[in-house]
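> Give me coordinates for this.
(2 chains)
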Amino acid sequence: MRPLTPRRVFWICLALLVALFGAVVISLRMGAYPISASEIVTTLFKGALGRWNEIPSEFRVVVFGLRLPRIVLGILVGASLSTAGAGFQALLRNPLADPYVLGVSGGAAVGALLSLIVAPHTPGAIQAAAFAGAALTIAAVYFLGRRGGQIDSATLLLAGIAAAIFFSAIIEFLMTSLNGRDLRGIAFWLMGDLETTTPTNPLRWFEALYFVFAVAAGAIYATSSDLNLILTGEREARHLGVDVKRVKLVVYLAASVLTGLAVSVSGAIGFVGLLVPHVMRMMFGTDHRLLIPTSAIGGALLVVLADTLARTIVAPTELPVGAVTAMIGAPVFIYLMRSKVR
Amino acid sequence: MSARSDAPAKGQGSAVATAAPPRLKVEQATFAYAATDRSEPKFSLGPATFEAREHELVSILGPNASGKSTLLGLLAGLNKPLSGRVEVDGTEVTALDLRTRAQRIALVAQESELLFPLRVWEYVLQGRYPYGRRLRFESQEDCLLAGNALAQVGADALRDRWMDRLSGGEKQRVILARALAQQPSLLLLDEPTQHLDIGGKVELLRRLRRLTDESRYTVLVVTHELNLAAEFSDRIVLLNKGKCLRVGTPAEVYERDLLEEVFDAPLEVEVRSSGRPRVILRGNH
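A predicted model of the protein is given here:
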């Protein structure tokens, strides 16, 4: 009997963070302007220490101006989607739940698109609209997925798929109201894209996004021991003293916020929320006290690497990062499903 | 003693009665399910009254849809009685907050499907949840108690196995161990013998009997096993069509006409030398 200890959570997360840092360095290295890995590391540390005048100006532009914002956004999106995925999987007691599969990303995209058409220049409007779209969608899918008062796995997934198809039709419809110049940008965004269209003060903007992420992911993490029990059945969890209704509401709202957040900045990136929690579960077990932080870091890692590939494999043009996660995610996921990995 | 005695609800099983409040006291408790608030109830449970004390094993018997699980839900505090009271150690069950309730009452529900793989020890440790704070990581004491619970059900050797790789009987024991890890005073089991073969059924009831005798538990079992219930229970609660028909020792409840009517089958009741009744199917003459 070896119960989970805070120390174990700490070391595993630290190891994953080191891997994430490695991925960030690799990603910063890749691109038209060549910089060596050691130069990147020293530049990053100098930047972190605030010694800006010691950094060569071209490094400052390439690393901090061009490449890093995109990576910082990628980390946010990956961590949000994976945490939301782990949350939805526990909430709906369905291992195939994921923001994308359930149509929640689609709903968020419709919300974001509507806000772009109605109020294109209001700061925060896209995020709020994407959250509203996500929350409404998961509520609808949840109620459609019930049968006789109980969540039915198959019905739930079908409801999610129906919602996703419905939203893609709505998106097509909305896109006819946009002119040609915007269209390519939107189409790209819908596939999942980390091209930063950051406002004038990027640091402030990132701070705000990360703050929302921290609150929502923290809320899910706070329920992680409750989620462990809900996975063995809601009734049984209630017998063991879990306030199931409250936990479900918290996770439902927080996962919707995270999905809305990710979709509003990067469009609908698929498979991250499905794939990452599964891989983490196989590596570290089902305990949410470990699963949620490892999924967040793992999601960040996956998106950063996928975006690096998206930028480089067909350079000088770019692929949407969503296309890359789907290309990696689908086969890996099928492999995982078919192989008898526990 | 005659199996056809018409003794009322109070039975000999409570001979150990003391002045302390009974562990479980059910007083005229009723309940009704309805599709909506205004529609006629689909199912209602008539007033039920009985008690259970420390070291007592009580079986709740009745045909399908007689209200056994509904009654268990009232005892577990999952549903609030429409009228009447359910008390555990002198406190109304629905007045207890969720965690306190889980520290006093453990319910072993009918088997539910596990979606993600889980080790036996992880599963049993979940029984310590009511004692932890949010996020609290399990202490050495929790592990010790979970280990003891596994030992109590004779499942020590299973601790590192995966839950989904256990046989029906093994799984039942592990589920019981999780309930014991809750250190409850009242242990409720909903048809625990359902998926077990005869050997497994006897073993489980023997184990429950031993737990009841040796520890402080009061055990209530919902079951279809008339003969096993007669063999191992101190008291029987017989339900039919949402009515609590009779409460008493097995000998008091097992009356041929009554059982034949309730279960709608030709039955014969014998009294064995131990004084416990046995039900057999009457041949079709």
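
> For the stretch 201-342 of chain A, which residues are neighbours of chain B?
When proximity is defined by Cβ under 8 Å from any Cβ of the partner chain, the stretch 201-342 of chain A lies next to chain B at A:221-226, A:228-229, A:231-233, A:235-236, A:238-243, A:281, A:285-287, A:289, A:342. (Each C-beta comes from the backbone N, C-alpha and C, glycine too.)

> Just the buried ones from those?
Buried residues within these, counting neighbours by 16 or more other Cβ atoms under 10 Å in any protein chain shown: A:221-226, A:228-229, A:231-233, A:235-236, A:238-243, A:281, A:285-287, A:289.

> Next one: A:A23 from chain B, what distance?
Remark: distance between A:A23 and chain B (Cβ to the nearest Cβ, to the nearest Å) = 27 Å.

> same check, this time on A:A254
For A:A254, the distance to chain B equals 15 Å [Cβ to the nearest Cβ].

> ok, the residue in the stretch 151-300 of chain A that chain B sits nearest to - contacts?
The stretch 151-300 of chain A approaches chain B most closely through A:G241 (3.3 Å), counting by Cβ to the nearest Cβ. Contacts for A:G241 (Cβ atoms under 8 Å, 6 or more residues apart in numbering or on different chains) come out as B:L98, B:R99, B:T100, B:R101, B:A102, B:Q103, B:Y129, B:P130.

> do the same with A:H239
Contact analysis of A:H239 by Cβ under 8 Å, 6+ apart lists B:A76, B:L78, B:A102, B:I105, B:A106, B:L107, B:A109.

> Out of those, which are close to chain A?
Among the contacts of A:H239, the residues that sit close to chain A (Cβ under 8 Å from any Cβ) are B:A76, B:L78, B:A102, B:I105, B:A106, B:L107, B:A109.

> burial of the third one, as a residue count?
It refers to B:A102. B:A102 is flanked by 25 other residues according to other Cβ atoms under 10 Å in any protein chain shown.

> what residues does the host helix or strand of it touch?
Using DSSP states H and E, the element containing B:A102 is helix B:98-104. With contact meaning Cβ under 8 Å, 6+ apart, helix B:98-104 is reached by A:238-243, B:77, B:88-89, B:93, B:96, B:129-131, B:182-186.

> swap in stretch B:224-232?
Under Cβ under 8 Å, 6+ apart, the answer for stretch B:224-232 is B:57, B:59, B:61, B:191, B:193-194, B:201-202, B:205-206, B:208-209, B:221, B:223, B:236, B:250, B:254, B:259, B:276-279.

> And for stretch A:42-51?
Contacts to stretch A:42-51, defined as Cβ under 8 Å, 6+ apart, come from residues A:V25, A:L28, A:I35, A:W52, A:E54, A:I55, A:F59, A:R60, A:V63, A:F64.

> Residue 204 is in what secondary structure piece?
As the question left the chain open, I've gone with chain A. helix A:202-222.

> please go with chain B instead
Using DSSP H and E, B:L204 sits within helix B:198-214.

> What is that helix packed up against?
strand B:57-61, helix B:168-181, strand B:218-222, helix B:226-232 (3 or more Cβ pairs under 8 Å, 6 or more residues apart in numbering or on different chains; DSSP states H and E).

> what are the C-alpha coordinates of that helix, in PDB please?
Taking C-alpha atoms only, helix B:198-214 is exported to PDB below (Å, rounded to 0.1, in the frame of the first residue of the first chain):
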ATOM      1  CA  ILE B 198     -23.800 -20.600  -2.900                       C
ATOM      2  CA  GLY B 199     -20.300 -21.000  -1.300                       C
ATOM      3  CA  GLY B 200     -19.700 -17.200  -1.600                       C
ATOM      4  CA  LYS B 201     -23.100 -16.400  -0.100                       C
ATOM      5  CA  VAL B 202     -22.500 -18.600   2.900                       C
ATOM      6  CA  GLU B 203     -19.000 -17.200   3.400                       C
ATOM      7  CA  LEU B 204     -20.200 -13.600   3.200                       C
ATOM      8  CA  LEU B 205     -23.000 -14.100   5.700                       C
ATOM      9  CA  ARG B 206     -20.800 -16.000   8.000                       C
ATOM     10  CA  ARG B 207     -18.300 -13.200   7.800                       C
ATOM     11  CA  LEU B 208     -21.000 -10.600   8.500                       C
ATOM     12  CA  ARG B 209     -22.200 -12.700  11.500                       C
ATOM     13  CA  ARG B 210     -18.700 -12.800  12.900                       C
ATOM     14  CA  LEU B 211     -18.200  -9.000  12.400                       C
ATOM     15  CA  THR B 212     -21.500  -8.400  14.200                       C
ATOM     16  CA  ASP B 213     -20.500 -10.600  17.100                       C
ATOM     17  CA  GLU B 214     -16.900  -9.500  17.500                       C
END
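
> residues of it that come out buried?
In terms of neighbour count (16+ other Cβ under 10 Å), helix B:198-214 has its buried residues at B:G200, B:K201, B:V202, B:E203, B:L204, B:L205, B:R207, B:L208, B:R209, B:L211, B:T212.

> Show me the strands in chain B, by range?
Secondary structure of chain B by DSSP state E: the strands cover B:24-34, B:41-52, B:57-61, B:83-88, B:91-92, B:105-108, B:186-190, B:218-222, B:235-240, B:243-248, B:267-271, B:277-281.

> now the longest one, how far from the chain's geometric center?
Relative to the mean C-alpha coordinate of its chain, strand B:41-52 is positioned 16 Å out (Cα atoms, centre = their mean, to the nearest Å).

> again, but for stretch B:117-136
In terms of Cα atoms, centre = their mean, the centre of stretch B:117-136 is found 22 Å from the chain centre.

> Alpha carbons of it, in PDB - could you do that?
What follows is stretch B:117-136, C-alpha atoms only, in PDB (Å, rounded to 0.1, in the frame of the first residue of the first chain):
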ATOM      1  CA  PRO B 117      -8.500   1.000 -13.400                       C
ATOM      2  CA  LEU B 118      -8.000   1.100  -9.600                       C
ATOM      3  CA  ARG B 119      -5.900  -1.000  -7.300                       C
ATOM      4  CA  VAL B 120      -7.600  -2.800  -4.400                       C
ATOM      5  CA  TRP B 121      -5.800  -0.800  -1.700                       C
ATOM      6  CA  GLU B 122      -6.700   2.500  -3.500                       C
ATOM      7  CA  TYR B 123     -10.300   1.500  -3.500                       C
ATOM      8  CA  VAL B 124     -10.300   0.600   0.200                       C
ATOM      9  CA  LEU B 125      -8.500   3.800   1.200                       C
ATOM     10  CA  GLN B 126     -11.400   5.700  -0.300                       C
ATOM     11  CA  GLY B 127     -13.300   4.500   2.800                       C
ATOM     12  CA  ARG B 128     -11.200   7.000   4.800                       C
ATOM     13  CA  TYR B 129     -12.500   9.900   2.800                       C
ATOM     14  CA  PRO B 130     -15.100  11.000   5.500                       C
ATOM     15  CA  TYR B 131     -12.200  11.500   7.900                       C
ATOM     16  CA  GLY B 132     -10.000  13.600   5.600                       C
ATOM     17  CA  ARG B 133     -10.000  17.200   4.800                       C
ATOM     18  CA  ARG B 134     -10.300  18.300   1.200                       C
ATOM     19  CA  LEU B 135      -7.200  17.200  -0.800                       C
ATOM     20  CA  ARG B 136      -5.800  15.700   2.400                       C
END
